[in-house]
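Peer 1: Structure of the sequence below:
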Amino acid sequence: MDATLNETQQLIRDSLRDYLEKEVPFSRIRQVERDGGIDSRLWEGLAGLGWLGLPFPEGSGGQGGELVDCGVLIEELTRRAVLIPIAETLAAAITVQRFGPADLATDVVRRVQSGAMTISPAAYEEGDALDDIRITGGATLSGTKYFVDYGAEATHHLVVAREGVGLAAYLVENGAAVSSHSLTNIGKIPQAVATYTKAPATRVFGADGVTFLLRLSRLFAAVQCLGCSQQALDMTVEYVGMRVQFGRPIGTFQAVQHHCANMATHVLATRFLTFEALWDLDRGKATECQVAVAKTEASRTATEVPMLAHQLHGGMGFVTEYDLHFFSLRGKQASLSWGTADECLAIVAQSIEEPEEWL
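Peer 2: Below is the predicted model:
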């Protein structure tokens, strides 16, 4: 894979960056954090401009983009610290479109593109289990899912549950049969414990789709780690170039340059591993180990790079009026989502004795 963005991807990046700089100031992000919930105005704007249709086929009214294109989209939105369920909704809708029944997939894609539908994947239970929830009576499910991002705000949940001896996913409308208990987290992202009480559920896909959903969600979380780290790096390079101490910019000191170089190395490694895994997943070639390696590096980068950024900013980096804290907090949250570095390394360790084909 060529890690360089092609012309279309550069256009996606630049167009969205210009839009966000004009329409979504950081003061608005702070207001959304204070008010709680999501930035509904931004979601409507993205829908109106066609961004929510990026990964879907042109025959469904979409833009026919690839998963790497989605990665570019999510990275730019992360670099603005926006509070919308973009990674969650796209991961769920893409999986439904690929693995779900045609009629249901068409309806979901149409509603997501219009902005009328948001979907939160609800996978993990107490003790990191996936399959304690079972379908009862053929059409309802009961149980509790933990750490559901935007669980109270999303219009629907895509719930992973046991089906016989395997796993399946069910679409559940976020209505009276679903209760959400809001959680407080370091990233200030809306998150909930969702409890389902005989909630009407529509089966969407089986074990293959669940595997794809989990891998895609993990990689989108890695992209969010990347976005926070890249923004922290860019802010730091700009700052050390203009902050003067002892008569010259601190960026001319070798120790500062070493820190910036280490930050850039982590960011570049995360970018390559994550986008390569997205490219392979799009073509059915990504392995569990490959995805885990990408998320491991992304999780480490999302904590180490912003912390070095704070260090190089000095006192300026520790006041919440300055925008850097958005990316250290959001980056830490993304590093924990869909598998920490240690959890992903445990997956890698399971394959360490497997033969490797280098050529």
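Peer 1: Tell me who's in contact with residue 348.
Peer 2: 289, 292, 293, 296 (Cβ atoms under 8 Å, 6 or more residues apart in numbering). Every residue, glycine included, has its C-beta placed from N, CA and C.
Peer 1: surely the second one meets residue 341?
Peer 2: Think residue 292. No: Residue 292 is beyond contact range of residue 341, at 9.6 Å (criterion: Cβ atoms under 8 Å).
Peer 1: For these two, indicate the residue with more neighbours.
Peer 2: residue 292 (24 against 19; other Cβ atoms under 10 Å).
Peer 1: Could you check the helix or strand hosting that one and say which residues are buried?
Peer 2: Using DSSP states H and E, residue 292 falls within helix 288-313. Residues of helix 288-313 classed as buried: 288-310, 312-313 (neighbour count, 16 or more other Cβ atoms under 10 Å).
Peer 1: Next one, pLDDT for residue 349 please.
Peer 2: pLDDT for residue 349: 94.
Peer 1: in which helix or strand would I find it?
Peer 2: Going by DSSP H and E, residue 349 is part of helix 341-350.
Peer 1: how far off helix 288-313 does that helix point, in degrees?
Peer 2: Per axes from the mean of the first three to the mean of the last three Cα atoms, to 10 degrees, the angle that helix 341-350 makes with helix 288-313 is 150 degrees.
Peer 1: Check which residues of helix 341-350 are buried.
Peer 2: Buried residues in helix 341-350 (16+ other Cβ under 10 Å): 341, 344, 345, 347, 348.
Peer 1: Do I have it right that residue 88 meets residue 149?
Peer 2: Yes: counting by Cβ under 8 Å, residue 88 does reach residue 149; the two are 5.4 Å apart.
Peer 1: Mutual contacts of these two, please.
Peer 2: Common neighbours of residue 88 and residue 149 (Cβ under 8 Å, 6+ apart) are residue 120.
Peer 1: Quick one: distance of the lengthiest helix in the chain to the chain centre.
Peer 2: Ranked by residue count, the top helix of the chain under DSSP state H comes out as helix 207-242. In terms of Cα atoms, centre = their mean, to the nearest Å, the centre of helix 207-242 is found 7 Å from the chain centre.
Peer 1: what's the next helix or strand after that helix packed up against?
Peer 2: Counting by DSSP H and E, the element after helix 207-242 in chain order, helix or strand, is strand 244-245. Using 3 or more Cβ pairs under 8 Å, 6 or more residues apart in numbering; DSSP states H and E as the contact test, no helix or strand touches strand 244-245.
Peer 1: In its sheet, which strands sit next to strand 244-245, and in what direction?
Peer 2: Strand 244-245 has the following sheet partners, assigned by DSSP bridges: strand 248-249 (antiparallel).
Peer 1: which residues make contact with the strand it pairs with from outside it?
Peer 2: Outside strand 248-249, the residues touching it (Cβ under 8 Å, 6+ apart) are 240, 241, 242, 243.
Peer 1: how about a cut-off of 6 Å?
Peer 2: Contacts to strand 248-249, defined as Cβ atoms under 6 Å, 6 or more residues apart in numbering, come from residues residue 241.
Peer 1: tell me the average confidence for it?
Peer 2: On average, strand 248-249 scores 94.
Peer 1: likewise stretch 313-327?
Peer 2: 92.
Peer 1: Can we start the residue count at 52 from this point?
Peer 2: With the count now opening at 52, the last piece we talked about shows up as stretch 364-378.
Peer 1: tell me the contacts of residue 229?
Peer 2: By Cβ under 6 Å, 6+ apart, the neighbours of residue 229 are 245, 247, 250.
Peer 1: Tally up the residues packed near residue 53, please.
Peer 2: Residue 53 - counted by other Cβ under 10 Å - has 8 other residues nearby.
Peer 1: Against which helices or strands is the helix holding residue 343 packed?
Peer 2: helix 258-293, helix 305-333, helix 375-387, helix 392-401 (3 or more Cβ pairs under 6 Å, 6 or more residues apart in numbering; DSSP states H and E).
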